[in-house]
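A.B. asks: generate coordinates for the sequence data below:
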Amino acid sequence: MSMFTLEYEKEKNPGQDRGDEGGMSHSSKFLVIIVAIGLIVGAVIKLFAFEFLHVSGRSMMPAINNGDTIFVNKLKFGIAKPFSDNLILQWGTPARNDVVIYMYDNKIVVKRCVAIGGDSLKCEREHGENGREDYFLLTGDKKISLTTAQYENLEPIGSVPDGYVLAVGDNYEESLDSRNYGFIPVKNILGKVLCK
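C.D. replies: Residues are numbered from 1 along each chain as shown. Alright, predicted model coming up:
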């Protein structure tokens, strides 16, 4: 084969070795498309389906500790409106003892549903040691300690209204929850914690 023949073949397919002049090769375009699709799918999964969240606080101890990472099913009860505190479409409701997430004071919080719509609530006052009065909330098989203010909030209420849950942290002494700020609408429950 002569030198003339080699030069002729290179001129016949000028973009073969160098890629398209001024553009990307087919394999580079394919890679960019795959990466873009991956990013879009990842964003959709994070916004609507599943999410890992880092826990800050002690309100759910001992079940969930400060610094734990939890895995949340955001599709358990419906489709959440992105960057919002409620569901666009709802198809499920939390059950008693479900650990759920919702927004409170512009933060995602993790609490346990101790009572759901229709469940009875009974507040009790007991005389403790040193003449001190202790306050408790009885619902189902749970006996939840209350502060004086929490007792006064819940005492006149006989049951959880339909469409709401009573969400309480497992660490009753340190948790800021429904005992303080009231019942949580089911439409505001954004997901269920599956595991830590």
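
A.B. asks: residue contacts, the residue nearest to I108 when sequence neighbours are not counted?
C.D. replies: Among residues not flanking I108 along the chain, I101 sits closest, at 5.3 Å (C-beta to C-beta, 6 or more residues apart in numbering). To be clear about C-beta, it is placed using only N, CA and C from the backbone, and glycine gets the same treatment. Neighbouring residues of I101 by C-beta atoms under 8 Å, 6 or more residues apart in numbering: L53, V72, I108, V109, V110, I189, L190, G191, K192, V193.

A.B. asks: and the residues you listed, which are buried?
C.D. replies: Buried subset of these (neighbour count, 16 or more other C-beta atoms under 10 Å): L53, V72, V109, V110, I189, L190, G191, K192, V193.

A.B. asks: ok, longest helix in the protein?
C.D. replies: helix 26-44 (DSSP state H).

A.B. asks: residues of that helix that come out buried?
C.D. replies: Result for helix 26-44 [16+ other C-beta under 10 Å]: no buried residues.

A.B. asks: neighbouring contacts of the helix or strand following it?
C.D. replies: Using DSSP states H and E, the helix or strand that follows helix 26-44 towards the C-terminus is strand 50-54. With contact meaning C-beta under 8 Å, 6+ apart, strand 50-54 is reached by 67-75, 101, 108, 110, 191.

A.B. asks: hmm, 7 Å instead?
C.D. replies: Strand 50-54 is contacted by residues T69, I70, F71, V72, N73, K74, I108 when judged by C-beta atoms under 7 Å, 6 or more residues apart in numbering.

A.B. asks: so which residues of the protein form strands?
C.D. replies: 50-54, 69-73, 78-80, 87-90, 99-104, 107-116, 122-127, 133-139, 142-146, 164-168, 184-185, 189-195 (DSSP state E).

A.B. asks: tell me the most buried of those strands?
C.D. replies: Mean neighbour count (mean count of other C-beta atoms under 10 Å) peaks for strand 164-168 among those, with a mean of 26.

A.B. asks: quick one: contacts for the nearest residue to P62 once chain neighbours are set aside?
C.D. replies: In space, and not counting its chain neighbours, P62 is closest to D170: 6.9 Å by C-beta to C-beta, 6+ apart. Contact analysis of D170 by C-beta under 7 Å, 6+ apart lists M60, M61, P62, A63, R112.

A.B. asks: which of those residues are buried, as a PyMOL select command?
C.D. replies: Per 16+ other C-beta under 10 Å, the buried members of the contacts of D170 correspond to this PyMOL selection:
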select buried, resi 60+61+112
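
A.B. asks: of the contacts of D170, which is the nearest to P94?
C.D. replies: R112 (9.6 Å; C-beta to C-beta).

A.B. asks: that closest one touches N171, doesn't it?
C.D. replies: No: in this structure, R112 is not within contact of N171 by C-beta atoms under 7 Å, at 10.5 Å.

A.B. asks: pLDDT score for E7?
C.D. replies: At E7, the pLDDT value in this model is 50.
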